[in-house]
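[1] with the sequence up front, the predicted model follows.
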Amino acid sequence: MNFVYKPVFITEWVEKEIKHRRLLNLDTAEFRAQLSELKKQLEVVLQKTFKEFCDWLVKLPSKLLKIFPFLLPVIKEEIKAVYAVEHLLERVGRDAALFDYALYACYLDNEFQASWTIVQKSYETNRRTITSGWTNRKIQFWDEFILLKEQHAQFVLQQTKLQLSFGDILDYLMVQENQKFYHSLLIELFSNGQPTLYREQKAKFIELFEGADNFKQQRLAGGFIRSELLYELEEISHTIYRYMGTYRRQEKKWIHIDQSEKIAFHAWYISKELDRFFGNIGDNHERAHYWKKFSSRVKRHVIINHSSEKTILMYFDDVVVMEVFGTGAVYFYDVSVFENYHGEKVKRYEEAKQLISGQVYVRDSARITRRELMDTSLTIAKEKLIHGGGWQYKFDYFLRSRLGWEVNENEIIRNRQSFSSQ
């Protein structure tokens, strides 16, 4: 007789026999049939007297009794609900599996009120059996987690701030994706997460964000913006923009987000638009870099991009700046003056723009040209600025002396950070 040696790695054994020992698979026909039958019986007996209800519950076989936590929320009559919980508490010493089923019931609907006391009592009574094979750190986690009466997701969030990884969290909690607590947990973690969480779980964040309503999207967006990863994880940033735009144009979608976070995201968006307009090479790249330091102040922008002209209008609180791609001067208009003379034609232009196959098309009657907007008689100090040698210093002097702007990039960043921390 020949024997074939097949090595079994200890890690595989741990994965199968220990790590997943307490994970229930209730997505089975057998479980659904048992739960359906138990629910039918319960609906009947709930119409009977308290004594008849108690007699029925006491006679339930153990295989049905351990799944009873799933039906506790169905019992609305307080005296019967209290008795049912007390009866289950008496049984925890005989069947440690009640811990698993009661915990699953809590997680399934993210409702801890009915079954959490059963989980707590079972853990206290059967701690050695339940924690068999667990790491010391997991046991320590549960020794604290089991004491909670509420705010379970918030407790887990604090644990992540103590460098507990996302994978550890799922392992320690024994939570599964089909449970509402899992979804609630992700919302809490991603709404207040550490930077490493977004880096490691980028795809999970995007999946969660795309499936959320706007209120939850705002929580998620706020958490991500606070992580200061807008420029590093731009796939997430672009996803947020695709669903929410920025607060400047879709204010209602941002009403629950702090002002500093709104400004930070809008500044990221404007920076991307400046890159898109100016490109990433040569003198135009220098222009993009220059205007990026003011990106948080730009309220909106309009790109005029047809024929041989490529112009961008940047709207600030006090001025409208007309910049150009390539050769051309820069014009600074008082915002009220610009709106008075050119506001309507710019509005018609924006309303008429159509994006077809990635290209912008505007009907002839709504087109505007850069030349139409060039008028030094309307500009501030009746002058224009050009991109000559050392132009950045000239621009800084103009903005500081004429408009009172802070132009030192380090000071701008420091002021922005100071505002964010308030």
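    Good, I have the coordinates.
[2] quick one: contacts for Thr376?
    Tyr331, Lys382, Glu383, Lys384 (C-beta atoms under 8 Å, 6 or more residues apart in numbering). Placement of C-beta: from N, CA and C, glycine included.
[3] again but with Asn136, I slipped
    Counting by C-beta under 8 Å, 6+ apart, Asn136 has no contacts.
[4] gap between it and Trp142?
    As for Asn136, its distance to Trp142 is 11 Å (criterion: C-beta to C-beta, to the nearest Å).
[5] ok, now Asp375?
    72 Å.
[6] go on, Val298?
    50 Å.
[7] who has more neighbours, the two?
    More neighbours surround Val298 than the other of Val298 and Trp142, with 22 against 18 (other C-beta atoms under 10 Å).
[8] stretch 279-299 spans what distance, first to last residue?
    One end of stretch 279-299 sits 21 Å from the other (C-alpha to C-alpha, to the nearest Å).
[9] 745 is where my numbering starts, stick with that
    Okay, residue one is now 745; in that scheme the one you just asked about reads as stretch 1023-1043.
[10] now it: buried residues?
    For stretch 1023-1043, burial by neighbour count (16 or more other C-beta atoms under 10 Å) applies to 1028, 1031-1042.
[11] ok, now stretch 894-903?
    His896, Ala897, Val900, Leu901, Gln903.
[12] report the buried residues of stretch 998-1007.
    In stretch 998-1007, counting by 16+ other C-beta under 10 Å, buried: Trp998, Ile1001, Ser1004, Glu1005, Lys1006, Ile1007.
[13] in the protein, which spans are strands?
    For the chain, applying DSSP state E gives strands covering 1044-1050, 1053-1059, 1063-1068, 1074-1078, 1098-1100, 1103-1105, 1123-1129.
[14] what distance do you get for the residue nearest to Tyr848 when sequence neighbours are not counted to Val863?
    In space, not counting the residues next to it along the chain, Tyr848 is nearest to Leu768; the distance is 5.3 Å by C-beta to C-beta, 6 or more residues apart in numbering. Using C-beta to C-beta, one gets 13 Å for the distance from Leu768 to Val863.
[15] what about those two, which has more around it?
    Val863 (24 against 16).
[16] before we move on, back to that, what sits against the residue nearest to Tyr848?
    Contacts of Leu768 (C-beta under 8 Å, 6+ apart): Asp844, Tyr845, Tyr848.
[17] pipe the residues you listed into JSON lines and attach pLDDT and distance to Gly955 per row.
    Rendered in JSON lines, the data for those read as follows (pLDDT from 0 to 100; distance: C-beta to C-beta, whole Å):
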{"residue": "Asp844", "pLDDT": "95", "distance to Gly955": "28"}
{"residue": "Tyr845", "pLDDT": "95", "distance to Gly955": "28"}
{"residue": "Tyr848", "pLDDT": "95", "distance to Gly955": "23"}
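[18] returning to that earlier point: filter the buried residues of stretch 894-903 down to the ones in helices?
    His896, Ala897, Val900, Leu901, Gln903 (DSSP state H).
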